[in-house]
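Trainee: quick check, what structure comes out for this input:
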Amino acid sequence: MKNSHLQHVVFLTLATFFISTSGVLGKHINMPTEIIIWWRSILAALFLFIYCKIKNINLSFNYKKDSGTFIISALFMAAHWVTYFYALKLSSVALAMLSLYTFPIIIAILEPFFVKTKLDYVHIILGAIVLIGIYILAPAFDLNNDDVKGVLFGLFSAICYALRILILKKHVKNYNGTMLMLYQIILITIILSPVLYFMDGSGIKSELPFVLLLALLTTAIGHTMFIKSLKHFKASAASIISSAQPIFGIILAFFFLNEIPTWNTFYGGLLIVSTVIIESVRSQKNK
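Mentor: Predicted coordinates:
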């Protein structure tokens, strides 16, 4: 049982690392945000569809019962991706990713309203620690400051991401995680299709290699692995463990974008990593 739990934690951590590449790629790709997300979605959908066919994954689902929640969760996912990439464009990878990671406390508070589980007050405390870590990084509040705008976009993205996870979690026991992610990004592609008519997407010619990485590594592999991890953890526990994502993102930004983190970044990051370690130990004991 302990070895099995450790494997689940390692699997989730690896998923977190793959997802963290979104920070560097989102900051680097020089195209309108909505265009980036559309290409990211349609290419990832192609990768996942091929994978599902190779693995003979069943793509059928209960249309009458589940189509509504599939669509709603996809809307929240689309909003999460778009606002997160706006945060990346406006501020640094560190600020954008760390502001996004208020979502564990949002999930911890909302999860009892979505599933039959009691509110775990330890998750509130751990989520608060994450929030303190983000507060350390926050600049003085000024709406004319791009960093502040980036943090606000990151916070809104966190709310959307939390709601998406909570809505989708009830399906992970009934459907394959790859299939769920496939339908999500197909719906996102449809939702964002109108932007192709009034936004300049010509940059795809030069940015295609990076968009392909975003679609395959970050989306098709990373997010699918994360959805599969929800089978083994409560949504709040999974989200807190995956709070290592900003740390991975900051390290990648240092090497590939030459973004040098401040001491405040290290202090805030230390608090977040602490919650990862604490929740990893707690979730193992609760197995």
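Trainee: wouldn't Ala15 be in contact with Leu230 here?
Mentor: No - between Ala15 and Leu230 there is no contact under C-beta atoms under 8 Å: 10.4 Å. Glycine gets a C-beta too; all of them are placed from N, C-alpha and C.
Trainee: C-terminal to the lowest-mean-pLDDT helix or strand in the chain, what's the next element?
Mentor: Least confident helix or strand of the chain, by mean pLDDT, DSSP states H and E, is helix 235-241 with a mean of 71. Counting by DSSP states H and E, the next helix or strand C-terminal to helix 235-241 is helix 245-256.
Trainee: hmm, who's touching that next one?
Mentor: Contacts to helix 245-256, defined as C-beta atoms under 8 Å, 6 or more residues apart in numbering, come from residues 16-17, 19-24, 27-28, 92-94, 97-98, 100-101, 259-261, 265, 269, 272-273.
Trainee: what of stretch 262-277?
Mentor: 94, 98, 101, 104, 126-127, 129-130, 132-137, 240-241, 243-244, 246-247, 250, 261.
Trainee: just the buried members of those?
Mentor: Among the contacts of stretch 262-277, those scoring as buried are 94, 98, 101, 104, 126-127, 129-130, 133-134, 136-137, 240-241, 243-244, 246-247, 250, 261 (criterion: 16 or more other C-beta atoms under 10 Å).
Trainee: okay, Val24: pLDDT?
Mentor: Note on Val24: pLDDT of 93.
Trainee: so it makes contact with Leu257?
Mentor: Yes - Val24 is within contact range of Leu257, at 6.1 Å (criterion: C-beta under 8 Å).
Trainee: who's more crowded, the two?
Mentor: A count of neighbours by other C-beta atoms under 10 Å puts Val24 above the other of Val24 and Leu257, at 26 against 14.
Trainee: buried ones in the helix or strand harbouring the more buried one?
Mentor: Assigned by DSSP H and E, Val24 falls within helix 2-28. Neighbour counts over helix 2-28 (16+ other C-beta under 10 Å) mark 5, 8-9, 12-13, 15-28 as buried.
Trainee: just for the stretch 51-200 of the chain, where's the confidence low?
Mentor: 137-142 (pLDDT under 70).
Trainee: now the helix holding Val24, how far from the chain's geometric center?
Mentor: Centre-to-centre, helix 2-28 and its host chain are 10 Å apart (C-alpha atoms, centre = their mean, to the nearest Å).
Trainee: so which elements touch the very next helix or strand once past it?
Mentor: Downstream of helix 2-28, the next assigned helix or strand under DSSP H and E is helix 33-54. For helix 33-54, the packing partners by 3 or more C-beta pairs under 8 Å, 6 or more residues apart in numbering; DSSP states H and E come out as helix 63-90, helix 177-192, helix 204-213.
Trainee: most tightly surrounded among these?
Mentor: Comparing those by mean neighbour count (mean count of other C-beta atoms under 10 Å), helix 177-192 ranks first with a mean of 22.
Trainee: I'd say Ile29 and Ile36 touch.
Mentor: Yes - the pair Ile29 / Ile36 is scored as a contact, 5.4 Å apart, by C-beta under 8 Å.
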